[in-house]
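Peer 1: Please find the sequence and the predicted model below.
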Amino acid sequence: MKEPVKVSTVTTTTTKTSSTKTSSNVVVYAPATVAMQRGGLLFDRTVVGLSTSRYIPHRLVEVSIFMAEILLLNVPEWILGEKTTNGAPPVEKRIASSIAASRLMISETVAKGGRRKVAVLTGGAGGLGYMTAMAIAEAGYHLIIGDRATEQGIRAVETIKAKTGNMNVEFFYLDLGSFKDIRTFAREVTDRASVIDLLINNAGVMDLPNFRPTAEGHDSQFGINHLGHYYLTHLLLPLVKKAPKARIVMTGSSAHYGTSKVNYAGITSAKAYDRINNYCGSKLANVMYAHYLARTLAKTNPNITVNCLHPGSCYTGLFSHSWMLYILTRIGFKYLLRSPARGARTITYLALSEEVEGITGEFWFDERIRQRNPAAVDVKLQEELVKYSDRAIGLTENARL
């Protein structure tokens with residue numbers, strides 16, 4: 001078991017050393033340890049993001065980042081395979097061991113009259129969420145899935161039950177773009193569980209071509225990816241706090257490197273909306289909120305860990321709104337993308353592995369801690385995000401946690 005990692009904080013604004021400017025309107029941020037610098041772009045294992053500008057067409061930026069990550073990450077992994085680290089078994093075997101250990105522990109606890117652990121997962125009807133749901137169910141949890149794809153979600157639950165033998169899997173409708181539906185889903189959860197041991201905020205949308213307002217009038221990318229999960233987490237946090245040990249896992253993206261701030265103007269204004277910048281901002285908000293929540297809960301509820309991750313470029317429904325990426329995946333590039341099962345691996349690792357016990361406030365990729373966009377750990381920017389989010393969901397500052 002690793003020693004708990006202290007949550008780091010940054011109290012100053014982003015400095016010049018944290019970014020490299022390639023033009024007056026394009027900023028490139030470096031993730032983790034920089035391995036090389038070519039043409040103004042900084043690369044590590046994760047490809048950096050670009051904030052869009054009027055000089056670079058959105059499609060060119062999007063496809064360039066997409067293809068770069070495939071060539072630098074997916075293709076080498078596909079050809080060479082994965083190596084063991086320091087003699088340890090491959091990650092898949094370690095995760096399988098964690099799943100088996102969890103299932104045994106939960107079954108023994110229930111047999112003695114104890115409580116079955118409870119997990120709540122958003123976006124579990126397909127893609128990464130479905131593969132994550134399969135692993136969580138196999139681990140023996142009472143799993144509650146929330147998704148707006150009702151028919152697909154019901155089929156997913158039946159398949160999960162059949163494959164894992166775990167009958168404690170439920171599905172409820174959840175539209176994260178509607179505060180009313182979020183409240184309804186939260187009531188369904190609280191009616192069925194008195195404690196939540198695992199909360200996985202996974203659902204999301206990407207690259208919507210036009211401003212599409214949520215029920216409350218927010219851009220759907222920010223509204224679903226951040227605000228919806230922010231509100232749901234607030235409603236379920238009292239149950240999470242009751243667990244002896246609890247984990248909150250948030251699916252982020254390397255796209256959070258693509259901007260130095262959230263485009264607040266574009267959240268409620270179609271005129272100020274920028275499809276890529278708004279998506280990058282929503283993912284920055286995910287990483288920012290995860291760090292804020294970890295930092296705050298470490299003081300009051302050290303039994304709760306909060307971590308965020310990038311799953312890699314995976315073949316899922318997220319590409320359906322980008323016609324160019326959709327065409328590329330249809331003509332064969334999908335075979336160079338990660339499968340949903342491969343993309344869900346880090347989510348499952350953070351949810352179940354004993355290796356991350358006590359580690360909180362970090363950003364992960366391929367089961368390793370990575371450096372974030374400096375803006376994500378800027379305390380002032382975090383407070384700005386939280387205040388905006390509180391106002392959006394009608395929450396007073398005193399009721400925040």
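Peer 2: Yep, it's here.
Peer 1: Touching, residue 275 and residue 206? I think so.
Peer 2: No - applying CB atoms under 8 Å, one finds residue 275 not in contact with residue 206, separated by 9.2 Å. The way it works is simple: take the backbone N, C-alpha and C, and place the C-beta from them, glycine included.
Peer 1: and for those two, which residues touch both?
Peer 2: residue 221 (CB atoms under 8 Å, 6 or more residues apart in numbering).
Peer 1: so what's residue 37 scoring on pLDDT?
Peer 2: Looking at residue 37, its pLDDT reads 28.
Peer 1: Kindly report the same for residue 241.
Peer 2: At residue 241, pLDDT is 98.
Peer 1: wait, what's in contact with it?
Peer 2: 301, 303-304.
Peer 1: can you pick the most crowded of those?
Peer 2: residue 304 (21 neighbours; other CB atoms under 10 Å).
Peer 1: bridging residues for it?
Peer 2: Residue 304 has the following beta-bridge partners by DSSP bridges: residue 246.
Peer 1: Thought residue 248 was touching it, still the case?
Peer 2: Yes - the criterion here is CB under 8 Å, and residue 304 meets it with residue 248 at 6.6 Å.
Peer 1: Overlap in contacts, the two.
Peer 2: Common contact partners of residue 304 and residue 248 (CB under 8 Å, 6+ apart): residue 240.
Peer 1: Relative to residue 222, how far out is residue 280?
Peer 2: 10 Å (CB to CB, to the nearest Å).
Peer 1: returning to what we had before: from the contacts of residue 241, pick the one nearest residue 137.
Peer 2: Using CB to CB, residue 304 comes nearest to residue 137 of the contacts of residue 241, at 22.4 Å.
Peer 1: Throw the contacts of residue 241 into a markdown table and include pLDDT and distance to residue 90, thanks.
Peer 2: Below are those laid out as a markdown table (pLDDT from 0 to 100; distance: CB to CB, whole Å):
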| residue | pLDDT | distance to residue 90 |
| --- | --- | --- |
| 301 | 98 | 34 |
| 303 | 97 | 30 |
| 304 | 99 | 29 |
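Peer 1: Tabulate those residues in a markdown table, adding columns for distance to residue 179.
Peer 2: Formatted as a markdown table, the contacts of residue 241 follow (distance: CB to CB, whole Å):
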| residue | distance to residue 179 |
| --- | --- |
| 301 | 25 |
| 303 | 28 |
| 304 | 24 |
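Peer 1: Quickly name whichever of those residues is closest to residue 215.
Peer 2: residue 304 (29.4 Å).
Peer 1: contacting residues for that closest one?
Peer 2: 240-241, 243, 245-248, 297, 360.
Peer 1: Show me which of those residues are buried.
Peer 2: 240-241, 243, 246-248, 297, 360 (16 or more other CB atoms under 10 Å).
Peer 1: so which of the residues you listed would you say is closest to residue 382?
Peer 2: Once CB to CB is applied, the member of those that ends up nearest residue 382 is residue 297, at 13.5 Å.
Peer 1: What does the closest one show for phi and psi?
Peer 2: Main-chain dihedrals, residue 297, degrees, to the nearest 10: phi -70, psi -30.
Peer 1: three-state assignment of residue 95?
Peer 2: Of the three states, residue 95 takes helix under DSSP: H, G, I helix; E, B strand; the rest coil.
Peer 1: low pLDDT regions in the chain?
Peer 2: 1-89, 313-338, 397-401 (pLDDT under 70).
Peer 1: how about the spatially most central residue of it, what does it touch?
Peer 2: Most central residue of the chain, judged by C-alpha distance to the mean C-alpha position with CA atoms, centre = their mean, is residue 251 at 0.8 Å. With contact taken as CB under 8 Å, 6+ apart, residue 251 is in contact with 123, 128, 200-202, 204, 286, 308-309, 311, 347.
Peer 1: now do residue 231
Peer 2: 179, 182, 393.
Peer 1: quick one: which of those is most hemmed in?
Peer 2: residue 182 (26 neighbours).
Peer 1: what separates stretch 365-383 from the chain centre, distance-wise?
Peer 2: How far stretch 365-383 lies from its chain's middle: 13 Å, per CA atoms, centre = their mean, to the nearest Å.
Peer 1: And the strands in the protein?
Peer 2: Ranges of strands in the chain, per DSSP state E, are 19-23, 26-29, 36-38, 41-43, 118-122, 142-147, 169-173, 198-201, 246-251, 304-310, 363-365, 368-370.
Peer 1: Next step: the contacts of residue 231 restricted to helices.
Peer 2: Counting by DSSP state H, the contacts of residue 231 place 179, 182, 393 in helices.
Peer 1: Sort out which one of those lies nearest residue 227 for me.
Peer 2: Nearest to residue 227 among the ones in helices among the contacts of residue 231 is residue 393, at 6.8 Å by CB to CB.
Peer 1: Now that closest one: closest residue in space that isn't a chain neighbour?
Peer 2: Leaving aside its sequence neighbours, residue 393 sits nearest to residue 231 (CB to CB, 6 or more residues apart in numbering; 4.6 Å).
Peer 1: Quick check: that neighbour vs residue 183, distance?
Peer 2: The separation that residue 231 has from residue 183, given CB to CB, amounts to 8 Å.
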